[in-house]
Structure formats: structure tokens, C-alpha cells
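A.B. asks: Model the following, please.
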Amino acid sequence: MMPSKLPRAGRRGNSVLEFTLVGIPMIFLLISTFEMARGMWIYPTLVNSVKMGARSASAPGRLCAASRHTCTVTVAQVAAQVQKGGIGPDPTQLSLTFTTQGVTPVSCFLSNCPSNSSGCPVPAGYSIGNAFENGATYPLTSMISRLCPGSFSLGTMGTVNLPASSRMGIQF
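C.D. replies: Residues are numbered from 1 along each chain as shown. This next block holds a predicted model:
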């Protein structure tokens, strides 16, 4: 006759086995959910901030309407609007590109753009009707990839580049 229940000593280790089979996949599922939520928060923030930067360069304000030849928009001014519009992305990794028709694009990271006082875009391309394009790229690195052993030697594994751009015509 078999006993209906194992003695207490025979059930040792069941909790560890159950946690291993169920708990660890649940932890990765929870972390994955947070990572998706973080990506879904950063991307619209990035798009909004790029749009704010393009808007500030395309219509610099009513004070520039009276004397548009002396009113230039600088890289620092547009970068300040981009930074004001998006608080989520890391400024040391957010790469910005400013482009106007017929002018060489200006690129910088958001962390060093505020020190750039050059014209943005270069005044030769800053005329009514020309298009101004503000682009950004942000590398979103997954926290799960950082938990993997040897992840620092893997380079860009677990990184997704989030692109954003906004193109507007220069108003005045």
C-alpha cells in the first residue's frame, strides 16, 4: 500500500523548482512589459520634441517679421526647444540633424548643441518658402540585454534606433 502523501522530507526543494519554472519567466515578462512601455513613452516624446524644434526654426516669432535679414535662428535655440519638448531621452545619446535646402546639414548631440551658436540653418538657406528639416535618432537600449552575461562585449545587441523627423516651410 502506497502512502497518499510524501513525507515532508520528500517534498524538499519543490518551492525552488516551482520558482525556477514559473518565477523567472514571469520576471522576464514583467521586465519586457516595462521596456515596451518605456519605448512607447520615449518615441512620442521624441517626435513631439523634434516637431517643436522645427516649429521654432520655421516661424521664429513676430519680432523677426519686421527685419528678417537680421534675425537668425541658431542651433542652440532650436536645441533648447527640442530639449524643452522631450524630457525622456538622454541628451548625450540623442543625435540631432538640422537641414535646409541647398545648405550642408548641421549635426550634433543634444548635450553639446546648446553651445553651438552658429546659424541654424545657415542664413543662405534661411529664406521664406525653403523647407527646414529637423531630424533625430535615439538609441533605445533594452535593460534585458544588459542582464545577459557578456552583454558589454556584444556592442549594439538589444539596441533599437528610434528615428524622428519634422519638415516645415520657413514662414518668415
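
A.B. asks: Can you show me the strands along the protein?
C.D. replies: Using DSSP state E, the strands of the chain run over 95-100, 106-109, 131-141, 159-169.

A.B. asks: can you put these in JSON lines and add mean pLDDT?
C.D. replies: As requested, the strands of the chain are arranged in JSON lines below (pLDDT from 0 to 100):
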{"stretch": "strand 95-100", "mean pLDDT": "85"}
{"stretch": "strand 106-109", "mean pLDDT": "85"}
{"stretch": "strand 131-141", "mean pLDDT": "86"}
{"stretch": "strand 159-169", "mean pLDDT": "86"}
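
A.B. asks: between these, which gets nearest to residue 81?
C.D. replies: Nearest to residue 81 among those is strand 131-141; the distance by CB to CB comes to 9.2 Å. In this view, the C-beta of every residue, glycine as well, is placed from N, C-alpha and C.

A.B. asks: Mind listing what's buried along that closest one?
C.D. replies: 132-138, 140-141 (16 or more other CB atoms under 10 Å).

A.B. asks: which one of these sits closest to residue 165?
C.D. replies: For these, the closest approach to residue 165 (CB to CB) belongs to residue 135, at 4.0 Å.

A.B. asks: ok, the closest one - contacts?
C.D. replies: Counting by CB atoms under 8 Å, 6 or more residues apart in numbering, residue 135 touches 50, 96-99, 163-166.

A.B. asks: now do residue 130
C.D. replies: Residue 130 is in contact with 100-102, 169-170, counting by CB under 8 Å, 6+ apart.

A.B. asks: one step back: report the two of the contacts of residue 135 separated the most.
C.D. replies: The largest separation in those, counting by CB to CB, is between 98 and 163 at 15.1 Å.

A.B. asks: There's contact between residue 56 and residue 76 in this structure, I believe.
C.D. replies: No - assessed by CB atoms under 8 Å, residue 56 is found out of contact with residue 76, at 11.3 Å.

A.B. asks: Looking at those two, which has the bigger crowd around it?
C.D. replies: Neighbours per residue (other CB atoms under 10 Å) separate residue 56 from residue 76, with residue 56 holding more: 22 against 15.

A.B. asks: Give me the angle between the longest helix belonging to the chain and strand 159-169.
C.D. replies: In the chain, assigned by DSSP state H, the helix with the most residues is helix 24-58. Computed with axes from the mean of the first three to the mean of the last three CA atoms, to 10 degrees, the direction of helix 24-58 lies at 20 degrees from that of strand 159-169.
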